[in-house]
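S.K.: Need a 3D model of the following:
(2 chains)
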2 protein chains.
Amino acid sequence: MIDIDQYLDEKRKKVNRALKKFRAQSGPAAVIDAMNYSLEAGGKRLRPILTLAVADTLGSEDDSIIDVACALELVHTYSLIHDDLPAMDDSDLRRGKPTCHKVYGEAIAVLAGDALLTLAFEVLGSYGRQEGYAGKAIKIIAELSGASGVRGMIGGQVLDLEAEGKELTRAEVEDISAKKTGALLRAAVICGAIAADASLEEQKILSAYASNIGTAFQITDDLLDLESSAEELGKPVGADRERFKPTYPAVIGPEEARREAEIFYQQSVASLRNLNQPAELLQELARKLVFRKK
Amino acid sequence: MIDIDQYLDEKRKKVNRALKKFRAQSGPAAVIDAMNYSLEAGGKRLRPILTLAVADTLGSEDDSIIDVACALELVHTYSLIHDDLPAMDDSDLRRGKPTCHKVYGEAIAVLAGDALLTLAFEVLGSYGRQEGYAGKAIKIIAELSGASGVRGMIGGQVLDLEAEGKELTRAEVEDISAKKTGALLRAAVICGAIAADASLEEQKILSAYASNIGTAFQITDDLLDLESSAEELGKPVGADRERFKPTYPAVIGPEEARREAEIFYQQSVASLRNLNQPAELLQELARKLVFRKK
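M.R.: Sure thing, here's the model as predicted:
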């Protein structure tokens, strides 16, 4: 039986240690400080932990997978900084602290985000320069850039901005969520699989696992925004409603949304049964992601 | 004898045709339109042309080098969009047209820049997935991300923002210019060399060539900002002085600046003599870059 809380705690510390290495960059203090501020702001590190958990499940013992995991967190952190900007979601609070632009100003926040995105690919570039790693590093770069671009995360953010104040259908809410949140979660899983030399069959199974938890994760996010206190969540709550953003609970109601999160969770777990390895770790991780309280 | 104007014209058209391929992406119209607007705004395509000219000089006949060249232009265009933002240089005019955020708003301009940067690595990822290309694609990704990050272009932009209204030494102006402009020009040259399978010795020679034209190019840029009309330049002139930005002419005087541009040009040409190939093309290109009128 896996102690998932202990696993999460260990891996979070491992990711934080590894990020420290990349944070010790040379460059102008203003932007380095802003990058480090946002990286250190106490994120849950769910994406890099997904990457590591997939690699652990597939039995990989390659230490350099931590670099791939960090690249995912760098992209995630950049996206939060830019999403919070006054021109975008205009958020003052993130992970319980003032947002990057509140502390460092808008110009530096834009540049810190740019720099974190660039750094993600620099990290993968140097991962790929290890003897014999170029082939899989290129696949990981293709996967991550595809998931982060206009067909994925950035596209989702655009649709999300456009959706403010509109009545969307359920299919439209699903599409936004699959792009804005799902694409990067799926990339975290797939990049871990590629780094651990998974077969195409294994990648396909893990992709189904990832898509299902992506949707369940987003529904939970929407429900938490609706029902938690700002203190519990570390960011302003009710923000979706205030900005008239269509969410799962808004479109199908909170009760139905909760039921669906459960169904997507069950589907994600079901897809793991096709894997040849015991996948209790990924199953427990899905449970934590979907039934989290913040 | 090379007709450099004809060469520039041919390669510009080639780059524009190739960029069209990447512009035909699927994704939300708002951000796709903004990306295309800035990509089509009539840039001189100097960076991708440098990449192609290096490959031509080294005798490469690999058609896929155009993808590498386009990645350079994608990164350059993203940096222009973000530099022009109200929180940064706050420019209304670029390449003779309203800047991206003037047409599409700030949120979409931030996201279009993010998307172009992401697309650059997606393009290089798919370049690297060609059989036998992964090794050099990884080197190119390492080079480009390093040149674009905090030790390069982004670092230079931060220093440039911080320099407003300050008296800088000549060494400080040189440092800003080497990072803000020089790093990406050098990457254009080095990425072309790697794509054309240059030896390390050739890369070293071309790196010296690139550093020297980088500095000369920036001095010319500063002089043009000081002495041209907005109509000639397609962007507001005197902007450096208005924002009290330290430039070469401000620090060493316009006459001395002009003399130094000439010296850096001579040095860039001199370094080409160590190359085994005839390098008239790169020599002529340096002349055009340094002694341009806009």
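
S.K.: What residues does the stretch 101-250 of chain A have near chain B?
M.R.: For the stretch 101-250 of chain A, the residues in contact with chain B (Cβ under 8 Å from any Cβ of the partner chain) are A:105-108, A:110-111, A:113-115, A:117-119, A:121-122, A:124-126, A:128-129, A:134-135, A:137-139, A:141-142, A:145-146, A:148-151, A:154-155, A:157-159, A:161-162. From N, CA and C alone the C-beta is placed, and that goes for glycine too.

S.K.: Show me which of the residues you listed are buried.
M.R.: Buried by 16 or more other Cβ atoms under 10 Å in any protein chain shown: A:106-108, A:110-111, A:113-115, A:117-119, A:121-122, A:124-126, A:128, A:134-135, A:137-139, A:141-142, A:145-146, A:148-151, A:154-155, A:157-159, A:161-162, out of these.

S.K.: so of those, which ones are in strands?
M.R.: Residues of these located in strands (DSSP state E): none.

S.K.: Cross these against helices and list the overlap.
M.R.: Mapping those onto helices (DSSP state H) picks out A:106-108, A:110-111, A:113-115, A:117-119, A:121-122, A:124-126, A:128, A:134-135, A:137-139, A:141-142, A:145-146, A:148, A:154-155, A:157-159, A:161-162.

S.K.: looking at it, A:Thr220 is touching A:Arg292, isn't it?
M.R.: Yes - with contact defined as Cβ atoms under 8 Å, A:Thr220 reaches A:Arg292; the gap is 6.4 Å.

S.K.: Between these two, tell me which one has more neighbours.
M.R.: More neighbours surround A:Thr220 than the other of A:Thr220 and A:Arg292, with 22 against 13 (other Cβ atoms under 10 Å in any protein chain shown).

S.K.: Now for the more buried one: which residues touch it?
M.R.: By Cβ atoms under 8 Å, 6 or more residues apart in numbering or on different chains, A:Thr220 lies in contact with A:Ala261, A:Leu289, A:Val290, A:Phe291, A:Arg292.

S.K.: got the residues you listed as a markdown table, with pLDDT, distance to B:Ala208 and secondary structure columns?
M.R.: A markdown table is the format used below for the contacts of A:Thr220 (pLDDT from 0 to 100; distance: Cβ to Cβ, whole Å; DSSP: H, G, I helix; E, B strand; the rest coil):
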| residue | pLDDT | distance to B:Ala208 | secondary structure |
| --- | --- | --- | --- |
| A:Ala261 | 94 | 59 | helix |
| A:Leu289 | 90 | 52 | helix |
| A:Val290 | 90 | 56 | helix |
| A:Phe291 | 89 | 60 | coil |
| A:Arg292 | 84 | 55 | coil |
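
S.K.: Report the inter-axis angle for the helix or strand A:Arg17 falls within versus helix A:106-128.
M.R.: If you go by DSSP states H and E, A:Arg17 is part of helix A:4-23. Angle of helix A:4-23 versus helix A:106-128, following axes from the mean of the first three to the mean of the last three Cα atoms, to 10 degrees, is 100 degrees.

S.K.: before we move on, the earlier item: format the contacts of A:Thr220 as TSV; extra columns: distance to chain B.
M.R.: Listed next are the contacts of A:Thr220 as TSV, based on distance: Cβ to the nearest Cβ, whole Å:
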residue	distance to chain B
A:Ala261	26
A:Leu289	25
A:Val290	28
A:Phe291	32
A:Arg292	28
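
S.K.: So which of these is the closest to A:Pro98?
M.R.: A:Arg292 (23.6 Å; Cβ to Cβ).

S.K.: OK, contacts around the closest residue to chain B within the stretch 151-294 of chain A?
M.R.: Closest approach between the stretch 151-294 of chain A and chain B, counting by Cβ to the nearest Cβ: A:Val158, at 4.2 Å. Residues counted as contacts of A:Val158 (Cβ under 8 Å, 6+ apart) are A:Val150, B:Gly27, B:Pro28, B:Ala30, B:Val31, B:Ile108, B:Leu111.

S.K.: My read is that the fourth one contacts B:Ala107, right?
M.R.: This means B:Ala30. No - counting by Cβ under 8 Å, B:Ala30 stays clear of B:Ala107, with 9.1 Å between them.

S.K.: Report how many residues lie close to A:Asp222.
M.R.: 23.

S.K.: what separates the closest residue to it other than its chain neighbours from B:Ala107, distance-wise?
M.R.: Of all residues beyond its chain neighbours, the one nearest A:Asp222 is A:Thr247 (3.8 Å), with distances taken as Cβ to Cβ, 6 or more residues apart in numbering or on different chains. For A:Thr247, the distance to B:Ala107 equals 19 Å [Cβ to Cβ, to the nearest Å].

S.K.: can you check A:Glu10 too?
M.R.: With the distance defined as Cβ to Cβ, A:Glu10 ends up 39 Å from B:Ala107.

S.K.: Likewise for A:Met35?
M.R.: Between A:Met35 and B:Ala107 the distance is 22 Å, computed by Cβ to Cβ.

S.K.: immediately after the strand or helix carrying A:Ile194, which helix or strand?
M.R.: Mapping A:Ile194 onto the secondary structure by DSSP H and E places it in helix A:183-195. Going down the chain from helix A:183-195, the next helix or strand is helix A:200-227, by DSSP H and E.

S.K.: can you give me how far that next one is from the chain middle?
M.R.: Using Cα atoms, centre = their mean, to the nearest Å, the mean C-alpha position of helix A:200-227 is found 10 Å from that of the whole chain.

S.K.: Can you tell me the closest non-neighbouring residue to A:Tyr104?
M.R.: Spatial nearest neighbour of A:Tyr104, excluding adjacent residues (Cβ to Cβ, 6+ apart): A:Ala34 at 4.2 Å.

S.K.: Surely that neighbour touches A:Leu116?
M.R.: No - A:Ala34 lies out of contact with A:Leu116 (Cβ under 8 Å); the separation is 9.5 Å.

S.K.: next one: stretch A:37-51 to chain centre, how far?
M.R.: Centroid separation for stretch A:37-51 versus its chain: 8 Å, with Cα atoms, centre = their mean.
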